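Novice: fold the following and give me the result.
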Amino acid sequence: MGSLGGLDVPYGANLQIVRTNILILETDANTGCTVANAQAVLDAGKSYLPAPLKPDYIALAVAAGTEGYHATSTPTEIAQNGVLTSLTEVPVAGMNFGATNANQRGMAWETIIGLGACVINANDTAVADDLFTAATGTTTGEEVGTGEYADTSILQGTLMAAQANAANLTGGASSTHGVGGADGKVQFLNVASVYVNSALHAGGALSAFAPSITSLATFNDFCAGAGGILSITSLASQI
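Specialist: Now for the predicted structure:
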């Protein structure tokens, strides 16, 4: 059982503390960037990474871009066996969805508790410091917040805006939940902005995407600094 601000959140309750890990790799659409290969890399990450880092989803990106699945074949679903079509539509951990978000049930993002990222390098090393750029806001409060702390608040603001849009029934298909409407239930979160602010972005694209991963060492060597894990801790609700 977890406790958050005096709120008991037992296993199986309507509200749960959830960690969502996204393996993001910059590939620049190499010829091997297929859904099957992406799923193979995701499965390898689940098999070999330590438990706190095991990815729920994988997204293939382009070093010059901000979102999306940049590949030679794309998923036909929002989260096809864990392979995301876009960083603008990220479900809560463990959810698979069809081609559209309308009328699909699962868990909804309620609030963002924390955010972190880790670049996965070759030779069994990882980088955890200076992953997020400093905030550049115009007010004192925004200027004081820097790094991952500012990005946590940015992601929370993104969620709040999506919740407001969902409640007003004016939200876009990429950010709001088609079932809960007036309740402001948001199943799909846009994480593109925090990805761009992190060292996971523009760290150099993989020169090839032909996974042959048999151990943690070969998984790390495959990633080779071209991405890593974006981890979001949230309070989520059952719909």
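Novice: where does the nearest residue to A210 once chain neighbours are set aside sit: helix, strand or coil?
Specialist: Closest residue to A210 apart from its sequence neighbours, by C-beta to C-beta, 6 or more residues apart in numbering: G32 at 4.6 Å. Placement of C-beta: from N, CA and C, glycine included. Three-state assignment for G32 (DSSP: H, G, I helix; E, B strand; the rest coil): coil.
Novice: distance of G32 from F219?
Specialist: Remark: distance between G32 and F219 (C-beta to C-beta, to the nearest Å) = 16 Å.
Novice: same thing with A126?
Specialist: On the measure of C-beta to C-beta, A126 and F219 end up 12 Å apart.
Novice: list residues touching both of these two?
Specialist: Residues touching both A126 and F219 (C-beta atoms under 8 Å, 6 or more residues apart in numbering) are I120.
Novice: these two: which is more packed in?
Specialist: F219 (20 against 14; other C-beta atoms under 10 Å).
Novice: so which bits of the strand or helix carrying the more buried one are buried?
Specialist: Assigned by DSSP states H and E, F219 belongs to helix 216-223. For helix 216-223, burial by neighbour count (16 or more other C-beta atoms under 10 Å) applies to 219-220, 222-223.
Novice: output these as TSV; include the columns distance to V18.
Specialist: Shown next, in TSV, are the buried residues of helix 216-223 (distance: C-beta to C-beta, whole Å):
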residue	distance to V18
F219	24
N220	26
F222	27
C223	24
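Novice: what's the closest of these to L230?
Specialist: Closest to L230 out of the buried residues of helix 216-223 is C223 (13.2 Å), distances taken as C-beta to C-beta.
Novice: which residues are contacting the helix holding F219?
Specialist: Contacts of helix 216-223 (C-beta under 8 Å, 6+ apart): 25, 41, 44-45, 48-49, 120-126, 206, 211-213.
Novice: tell me the buried residues within those.
Specialist: 25, 41, 44-45, 48-49, 120-121, 206, 211, 213.
Novice: just the closest of these to L87, please.
Specialist: Nearest to L87 among those, with distances taken as C-beta to C-beta, is L25, at 11.9 Å.
Novice: list the buried ones in the longest helix seen in the chain?
Specialist: Secondary structure of the chain per DSSP state H: the longest helix is helix 147-167. Across helix 147-167, burial judged by 16+ other C-beta under 10 Å covers 147-148, 150-156, 158-159, 162-163, 165-167.
Novice: what about the strands in this protein?
Specialist: For the chain, strands defined by DSSP state E occupy the ranges 2-4, 7-9, 15-26, 57-61, 79-80, 83-84, 107-121, 125-127, 227-238.
Novice: quick one, the longest one and helix 216-223 angle?
Specialist: Meaning strand 107-121. 90 degrees (axes from the mean of the first three to the mean of the last three C-alpha atoms, to 10 degrees).
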